[in-house]
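Trainee: Just a sequence and a predicted model for now, questions to come.
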Amino acid sequence: MAEVEIEDAPENVDFTQGDEVDILIDRFTDLGIRVIINDKYYGLVYEEDVYKQVHVGERRKGYIKKIREDNKIDVSLRKIGYGRIEDAKQKILERLKEEDGFLPLNDDSSPGAIKYELEMSKGTFKKAIGGLYKEQIIDITDQGIRIK
C-alpha cells in the first residue's frame, strides 16, 4: 500500500470552522500538539486548548477552530462555540450526579482546580453553570454548586 502524503498548508480543504473531524495525535511541539486531520492534513492544537491528557498515536474527535491565512489549520479538542457550552453543562451534571449532587467548585474556584476536576476552562465552566442556574437546575453557593 502506498504511503499517503500529509499536507501541511492545504490550498483547499473539505471542511470549515466548527466542523467535527477525525484526528490522530502525531507529536508534541513547543506550541502544542501536531495532529493529522482526516488522515490528510496537519493541524495544530495549541497548548492552552488542551484540557485532558492525550498520547501520541491516539485517535479522537477534533473540531476545526480556524483555517489561517497561511492555510495552516488550528484544531480544538472541544466543540467550538455554543456546542462547547452545552457539552460542558452535560459534563457538570454528570459529575454532580456522581458526587451525590454537589461539587466544591464555583465562580471563585481557580482555573487549575476547574481544569483538573472537569477538563474545561474557567470561562466555559462559568458560562455552563450560569446556564444551569438560569434553567433552575443548580444552586450556586460559596461552597460550590448543588443540584436542586
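Mentor: Good, I have the coordinates.

Trainee: low-confidence ranges in this protein?
Mentor: 1-4 (pLDDT under 70).

Trainee: try 80 this time
Mentor: Confidence mapping of the chain against pLDDT under 80 gives the ranges 1-5, 7-12, 14, 51, 81-83.

Trainee: In it, which helix is the longest?
Mentor: With DSSP state H applied, the helix covering the greatest number of residues in the chain is identified as helix 82-98.

Trainee: could you point out which element follows it?
Mentor: strand 102-103 (DSSP states H and E).

Trainee: How about the secondary structure of the residue most central in space within the chain?
Mentor: Note on the chain: the residue nearest the mean C-alpha position is residue 78, at 2.5 Å, using C-alpha atoms, centre = their mean. Going by DSSP: H, G, I helix; E, B strand; the rest coil, the secondary structure assigned to residue 78 is coil.

Trainee: these two touch, right, it and residue 85?
Mentor: No - applying C-beta atoms under 8 Å, one finds residue 78 not in contact with residue 85, separated by 10.1 Å. (Each C-beta comes from the backbone N, C-alpha and C, glycine too.)

Trainee: show me where this structure has strands.
Mentor: Secondary structure of the chain (DSSP state E): strands at 20-28, 32-37, 41-46, 59-67, 73-76, 102-103, 138-140, 145-147.
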